[in-house]
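> Below are the sequence and a predicted model for it; my questions follow.
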Amino acid sequence: SEFDDLLKYNTLAHASEVKREPLGDVFLTGSTGFLGIHVLRTLITHETGRIICLIRRKHAMTAEKRLRHMFMYYFDEPLNEEAEKRITVISGDFSTPDLAEQLKDMNIDTIINCAADVRHYAADSSIERANTEGVEKMIQIAKEHNARMIQISTTSIPGMHTEESYSKRIRMHENQLFVIDDMDNKYLLSKYAAELKMLEAIRSGMRGKIIRVGNLMGRYSDGEFQINSSTNAFMNAVRGFAAIGKCPLSHSTDPISFSPIDSTAAAVVLLAGTNDQFTAFHADSRFGFDESQLIEACNRCGVKIIPVDDTEYYEDYRRMLSDPEKNRLLTGLLTNDQPDKHMVETDNTFTANILYRLGFAWPLTDYGYLERAIHSLVTLDYFNFTDYENS
């Protein structure tokens, strides 16, 4: 409620007021990540400004080589000469001491922050440093350059239902910000704190908006999934089901939506250029399905998961959880290991209406798409547990 005045325009009553302007020169973080690299390609294709990419060097690979390598991996083509002329690579990350100094003489009209530590738990404060303190640093740079700041957040922000909120079918809309039950999830809490920082900065005069994205999945065109698939929290849960070979029937009707990564990147770039009065969007697919339909798709792709009664499932789950050689396969299930726990849904009617007005519509994620997405993971040996069984 503290920020109701900043969120009040994110409703259908104001959708007809939408306008869009070019993003100009963009400072993009997380540009070698799954979403970031697709945002980069969208900027190259649909915008005309320069693009500054903040990238860490890794081992012996320079920041520039990492960008070229990831672009080739995902798109089967090199960055062309025209694109290379528009891109400036800065080696470093949020913790780089002289980052602001390196950017001082560069023109920046828009910052898109796709960088994040997506782990849900860590023993130290590394998640908070990346996801909250890193955002504070980007806000400061945005203020110094009088730039528009776009923070990529998550539709998981409201957390888990309580019994009361589930019975009332509470959903979070774009004009709201709340957490019902955080389950001590460091990732969720760090992204929530980052949203608070963003809204505080907007109140103080910074141009900015929050774009919450959903379950980022393979491209709609070919199902291509992220190279580091083990960092996808939702699919890690499905992988946990596959390791057990079973899933609980109590969650069979839980609603799920997959947001193809190429479509999400296109939506992010479009929404980033909208009027300043719009401060939060839910950039996730309009098309959903039940968890049972996902399990069926897994089985059709050769990933055997049997829906069983909760008592049988949780007995096997806790038995495997107590096995030190196998419990690492279940990390994706730890945030939702009780039959009466369900994620709070978000409503994206307002955002979808804005996107329709900008000429964008979410593609239908049907059975064909589900099977392409699962098959892509199968080809990456994502569901191959042989190494664990032999260790």
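In hand now; what should we look at?
> okay but Leu188 is in contact with Thr155, surely?
No - if you go by CB atoms under 8 Å, Leu188 and Thr155 don't touch, sitting 10.7 Å apart. Every residue, glycine included, has its C-beta placed from N, CA and C.
> Which one's more surrounded, the two?
It is Leu188, of Leu188 and Thr155, that has more neighbours when counted by other CB atoms under 10 Å, with 24 against 21.
> ok, now which ones touch the more buried one?
With contacts defined as CB atoms under 8 Å, 6 or more residues apart in numbering, the neighbours of Leu188 are 120, 154, 156-157, 159, 179, 182.
> same thing but at 7 Å, please
Neighbour list for Leu188: 156-157, 159, 182 [criterion: CB atoms under 7 Å, 6 or more residues apart in numbering].
> What does the pLDDT read for it?
Leu188 is assigned a predicted lDDT (pLDDT) of 91.
> any idea which element it lies in?
helix 186-203 (DSSP states H and E).
> which parts of that helix are buried?
186-195, 197-199, 201-202 (16 or more other CB atoms under 10 Å).
> quick check, nearest of the contacts of Leu188 to Gly24?
Ile157 (28.6 Å; CB to CB).
> quick one: the closest one from Ala123, how far?
Remark: distance between Ile157 and Ala123 (CB to CB, to the nearest Å) = 23 Å.
> Who has more neighbours out of those two?
Per other CB under 10 Å, whichever of Ile157 and Ala123 has more neighbours is Ile157, with 24 against 6.
> Just want the phi and psi numbers for Tyr74.
Reported as degrees, to the nearest 10, the phi and psi values for Tyr74 are phi -80, psi -30.
> Please work out how many residues are found near it.
For Tyr74, the count of nearby residues is 20 (other CB under 10 Å).
> Please name the nearest non-neighbouring residue to it.
Once flanking residues are discounted, Tyr74 sits nearest to Ile37: 5.5 Å by CB to CB, 6 or more residues apart in numbering.
> and the residue nearest to His375 when sequence neighbours are not counted, how many residues sit next to it?
Nearest residue to His375 in three dimensions, chain neighbours excluded: Cys301, at 5.2 Å (CB to CB, 6+ apart). Residues near Cys301, counting by other CB under 10 Å, number 19.
> got a pLDDT number for Cys301?
Reported pLDDT for Cys301: 94.
> Correct me if wrong: it contacts Ala373.
No - with contact defined as CB atoms under 7 Å, Cys301 does not count as touching Ala373 (9.2 Å).
> quick one: buried residues of the helix or strand containing the residue nearest to Tyr74?
Here Ile37, judged by DSSP H and E, is contained in helix 34-46. By 16+ other CB under 10 Å, the buried positions in helix 34-46 come out as 34-44.
> quick one: which of those residues is nearest to His69?
Taking CB to CB as the measure, His69 lies nearest Ile37 of the buried residues of helix 34-46, at 10.4 Å.
> For stretch 223-239, the averaged confidence score.
Across stretch 223-239, the average pLDDT comes to 82.
> Which parts of the stretch 51-200 of the chain are strands?
For the stretch 51-200 of the chain, the strands defined by DSSP state E, counting those that start in this stretch occupy 51-55, 87-91, 110-113, 148-154, 171-172.
> now these as CSV including distance to Lys246?
Output for those, formatted as CSV (distance: least, CB to CB, whole Å):
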stretch, distance to Lys246
strand 51-55, 41
strand 87-91, 46
strand 110-113, 39
strand 148-154, 28
strand 171-172, 29
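> Out of these, which one sits most buried?
Across the strands of the stretch 51-200 of the chain, the average number of neighbours (mean count of other CB atoms under 10 Å) peaks for strand 110-113, which reaches a mean of 27.
> Would you mind measuring the gap between the ends of stretch 157-173?
11 Å (CA to CA, to the nearest Å).
> Sorry, wrong one. I was asking about stretch 261-281.
Taking CA to CA, the first and last residues of stretch 261-281 lie 16 Å apart.
> now swap in stretch 21-40 and tell me
Stretch 21-40: ends 18 Å apart by CA to CA.
> Stretch 90-107 too?
This stretch, stretch 90-107, spans 14 Å end to end (CA to CA).
> CA atoms of stretch 292-299 as CSV?
Output of stretch 292-299 as CSV, limited to C-alpha atoms (Å, rounded to 0.1, in the frame of the first residue of the first chain):
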residue,chain,number,x,y,z
SER,A,292,-1.0,-32.8,-15.2
GLN,A,293,-0.8,-31.8,-18.9
LEU,A,294,2.9,-31.0,-18.4
ILE,A,295,3.4,-34.4,-16.8
GLU,A,296,1.7,-36.0,-19.8
ALA,A,297,4.0,-34.2,-22.2
CYS,A,298,7.0,-35.4,-20.2
ASN,A,299,5.8,-39.0,-20.5
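> nearest to Ala352, of the buried residues of helix 186-203?
Distances from Ala352 to those, taken as CB to CB, are shortest for Glu195 (20.6 Å).
> Can you tell me which of the contacts of Leu188 are buried?
Buried members of the contacts of Leu188, scored by 16+ other CB under 10 Å, are 156-157, 159.
> Distance to Thr11 and pLDDT added to the buried residues of helix 34-46, as a markdown table?
Shown next, in a markdown table, are these (distance: CB to CB, whole Å; pLDDT from 0 to 100):
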| residue | distance to Thr11 | pLDDT |
| --- | --- | --- |
| Phe34 | 31 | 95 |
| Leu35 | 26 | 97 |
| Gly36 | 30 | 97 |
| Ile37 | 33 | 98 |
| His38 | 29 | 98 |
| Val39 | 26 | 98 |
| Leu40 | 31 | 98 |
| Arg41 | 32 | 98 |
| Thr42 | 27 | 98 |
| Leu43 | 29 | 98 |
| Ile44 | 33 | 98 |
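> For these, give me JSON lines that also has distance to Thr346.
Output for those, formatted as JSON lines (distance: CB to CB, whole Å):
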{"residue": "Phe34", "distance to Thr346": "20"}
{"residue": "Leu35", "distance to Thr346": "17"}
{"residue": "Gly36", "distance to Thr346": "22"}
{"residue": "Ile37", "distance to Thr346": "25"}
{"residue": "His38", "distance to Thr346": "21"}
{"residue": "Val39", "distance to Thr346": "21"}
{"residue": "Leu40", "distance to Thr346": "26"}
{"residue": "Arg41", "distance to Thr346": "26"}
{"residue": "Thr42", "distance to Thr346": "23"}
{"residue": "Leu43", "distance to Thr346": "26"}
{"residue": "Ile44", "distance to Thr346": "30"}
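> Thanks a lot, see you next time.
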